[in-house]
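A.B. asks: After the sequence you'll find the predicted model.
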Amino acid sequence: MPVESPSPDQFTALAQQLDDLRRANEQLTQRLADLESRTPKAPVEHAAEPVAEAGTTLLSRRGLLATAGVGALAASAGFMIAKPAIAHANSTVPVYTAMDFGPGTVSAPPLSTDLVYTRTDPSGVGPGFTNEILSLISENSQINSYSWPLYIQLGVTTATAATQSSSQSCGASVRLFNSSAGSPWAVGFHSELHHGGRSDGTIHSTNSTSIGYNLELNRAAGGGTAIGMELLNTSGSTYPGTYGINIDGSWSTGIRLGGNPLTASPTVGGAAPTPLAGSTAIKIEAPYETGLDLGPNHLRLQHGQKIILDSEHQVWLTYNRTSGKVEIHKQGQLAHSL
């Protein structure tokens, strides 16, 4: 369909609006320059800047807003002008690949990154005031709902010459520096489960499952090492860590192993009559002063299980429910009963 040509009056009005827009863009350019002066200049890798061809011009990022406004005005006058899209943090400030949200200045580490946002905590706020740089909020109500507000996919290097010294890949990395002379609480990853609760504070009955942290291992090759969770107090530490795993509060079971159906195989459990999940449930190799401290709790075994007293599996204690006696076995023979 042919586009109707604008009248002289429309051209005059458009020219006036463009002139107003240019003046507003000059003010915005100065504001953005002030923001950029606080942005840390960390060394990063950049793609080559495009070069304008003869007779053409390239838009700077500061000209994006003005160009968008020109496009809207020109479209209203009957013209079609292609304009780049831009995301906004609010109604006035565009979002760039590097921004310092203040109020103070942050010295960013030398990262080879495409996106850097920094900020400091504001002063004069009350207890419980939280400071965020990025917030992802997802509310869901559908039957078919696989909701992943944040998705990370990492393909580790396939180089055959790669080693642990040359390649260390991490899906999500947190470097936490806690040097306060006070007693603040800090955590690398934090999860809060409101089982039966909703974000509006209401409580509802539920038959669902809530998990604070879930790891699923799919091992398709026998080589190498597969670890579910590693806790390491490095050789750079001057003092030992306080707790490797700390479980507080009320739990019906503190630590549970097993539960999934298993099949006996030559690699796991051999030809045992009862399929085994592995060779050792809990293994303590480091020399501790006390291997297991039960405190005020009992040690309970099922009928027929053993307390083995040597590493060669030659001497053990067991309870014989038929005779009602505790038996001591040595080298496969009953040595004594009580």
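C.D. replies: Nice, I can see it.

A.B. asks: From now on I want contacts and neighbour counts done on CA atoms only, so please keep to that.
C.D. replies: OK.

A.B. asks: and residue 100, how many residues sit next to it?
C.D. replies: Residue 100: 20 surrounding residues under other C-alpha atoms under 10 Å.

A.B. asks: Can you give me the distance of it to residue 151?
C.D. replies: Plainly put, residue 100 is 25 Å away from residue 151 if you go by C-alpha to C-alpha, to the nearest Å.

A.B. asks: do residue 279 as well
C.D. replies: Distance, residue 279 to residue 151, by C-alpha to C-alpha: 35 Å.

A.B. asks: Between these two, which has more neighbouring residues?
C.D. replies: residue 279 (11 against 7).

A.B. asks: so what's the backbone phi/psi at the more buried one?
C.D. replies: Dihedral pair for residue 279: phi -90, psi -40, per degrees, to the nearest 10.

A.B. asks: Flag the shaky bits of the stretch 1-150 of the chain, pLDDT-wise.
C.D. replies: Across the stretch 1-150 of the chain, the ranges flagged by pLDDT under 70 are 1-12, 14-15, 19, 23, 26-27, 30-93.

A.B. asks: at 90 what do you get?
C.D. replies: Filtered on pLDDT under 90, the stretch 1-150 of the chain yields the residue ranges 1-108.

A.B. asks: What ranges does this protein have for its helices?
C.D. replies: 8-37, 64-76 (DSSP state H).

A.B. asks: So the spatially most central residue of the chain versus residue 222, what's the distance?
C.D. replies: Taking C-alpha atoms, centre = their mean as the criterion, residue 172 is the residue nearest the geometric centre of the chain, at 5.1 Å. Distance, residue 172 to residue 222, by C-alpha to C-alpha: 26 Å.

A.B. asks: what does residue 331 give?
C.D. replies: Distance, residue 331 to residue 222, using C-alpha to C-alpha: 34 Å.

A.B. asks: Between the two, tell me which one has more neighbours.
C.D. replies: Using other C-alpha under 10 Å, the more surrounded residue of residue 331 and residue 222 is residue 331, with 11 against 7.

A.B. asks: Now that one. Nearest residue, chain neighbours left out?
C.D. replies: Distance criterion C-alpha to C-alpha, 6 or more residues apart in numbering; nearest residue to residue 331, sequence neighbours excluded, is residue 314 at 4.7 Å.

A.B. asks: Against residue 336, how distant is that neighbour?
C.D. replies: For residue 314, the distance to residue 336 - C-alpha to C-alpha - is 14 Å.

A.B. asks: Count residues in the vicinity of the residue nearest to residue 331, would you?
C.D. replies: By the other C-alpha under 10 Å criterion, the neighbourhood of residue 314 contains 13 residues.
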